[in-house]
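# quick one: sequence plus predicted model below, questions after.
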Amino acid sequence: MAIKDLIKKHRLKGLLSAEIVTLAYMIFTSVLIGIHHAGMNDASALLMNRVWVFLGILGINIVYLFWPCRLGVWLRLILIFLTLIIWYPETYDFCSQYPYLDHVFAGLDQRFFGCQPALEFNKVLTGVVWSELFCFGYYMYYYLMASVLLFYMVCRYKRLDWAGYVFMGSFFLYYVVFDFLPVAGPQYYFYAIGTSSYENGVFPQMGYFFKTHLEAMQLDVTGVFSGLVAETQEFGERPTAAFPSSHVGMSTVAMILAWKSGNRKLFWFLMPVFIFLCGATVYIRAHYLVDSIAGLISAFLFFWLTSWSYKYVGRKHFD
């Protein structure tokens, strides 16, 4: 694509569909903050996050009015995608207002599989090679999604508004679930209950324990990518968003978008990363196996829901 095509005058009226769904999620969660503010550590900071995001959307749309071009559309969408850095950790502030349900999901793993896959998987596939492959897949989560969205920006521009809406809409559907369904995940739960409990098949209820306890099992660092994943978890992970797995779910949505783009080379190029990413969710003890299975199934449901709803909120023309 030539630079002149990026900066050629190209005006779209109104908000992008991804901007609309982002504002809708901001309004919805602002109501939740109003409901739960007394039990939150810093409700005012959450509200300020929304003020800054709103001002960012407003500001970049004002810039677009004076400089309407394809590059301006890209920047508007990139801003929306970057807000995910804010919305994910906030799910912890919402879900921690309710009693945690890890005993239910650990119990489901035990019932269905006769063990705890999150504790056994990395014992079956041991060694640096397997650890690095799975951690590489897990670390590539955002890069996998970004590569698909970048492809739509450059090569499927007419469908970019749809792809951006499906992507952000699916993310927000997961976040709405996480806001109300408190599941910390194996790395937090098994650390909290201790070895003897899960070895004897005892999965106690933890109530509001994870509202004040953030300690978790540490990932064994055996190489470059395991070190990167461990560092990422240390600074960005919280006891939240375990069921269903959005890592599996959103990477599946990205793969569906890759397939729908019509570029099979892109799809098959990303497939090995996708496979290791999905396996890594259990391998590094971030999710119960039922979480990952639910993430895969829910991805197709959320893709259908967002694609269906796009005809009501999406742009009719995006040339």
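Perfect, thanks for sending it. Numbering: from 1, shown residues only.
# can you get me a residue count around Leu79?
Other residues within reach of Leu79, judged by other CB atoms under 10 Å, total 18. C-beta coordinates here come from the backbone N, C-alpha and C atoms, glycine included.
# and for Gly114?
Using other CB under 10 Å, Gly114 is surrounded by 10 other residues.
# likewise Ser261?
17.
# so what's it up against?
Counting by CB atoms under 8 Å, 6 or more residues apart in numbering, Ser261 touches 148, 151-152, 155-156, 159, 163, 267.
# how about 7 Å then?
Ser261 makes contacts with 151-152, 156, as judged by CB atoms under 7 Å, 6 or more residues apart in numbering.
# which stretches of the stretch 1-150 of the chain have low pLDDT?
Residue ranges of the stretch 1-150 of the chain with pLDDT under 70: 1-9.
# and the helices in it?
For the stretch 1-150 of the chain, applying DSSP state H, counting those that start in this stretch gives helices covering 3-7, 17-36, 43-66, 70-82, 84-95, 102-113, 117-124, 128-139, 141-155.
# pick the most buried one from those helices.
Compared across the helices of the stretch 1-150 of the chain, helix 128-139 shows the largest average neighbour count, a mean of 21 (mean count of other CB atoms under 10 Å).
# show me how far that one is from its chain's centre.
19 Å (CA atoms, centre = their mean, to the nearest Å).
# same check, this time on stretch 100-109
Chain-centre distance of stretch 100-109: 21 Å, with CA atoms, centre = their mean.
# what lies in contact with that stretch?
Contacts of stretch 100-109 with the rest of the structure, by CB under 7 Å, 6+ apart, involve 116-117, 181-184, 189, 203-207, 209-210, 243, 288-291.
# which PyMOL command selects the buried ones in those residues?
The PyMOL command for the buried members of those (criterion: 16 or more other CB atoms under 10 Å) is given here:
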select buried, resi 116+117+181+182+183+184+189+203+206+209+210+243+288+289+290+291
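# pretty sure Ala280 contacts Tyr139?
No. Counting by CB atoms under 7 Å, Ala280 does not reach Tyr139; the two are 8.6 Å apart.
# and the residue nearest to Met206 when sequence neighbours are not counted, how far from Leu219?
Distance criterion CB to CB, 6 or more residues apart in numbering; nearest residue to Met206, sequence neighbours excluded, is Tyr100 at 4.9 Å. Here the criterion is CB to CB, to the nearest Å. By it, Tyr100 lies 21 Å from Leu219.
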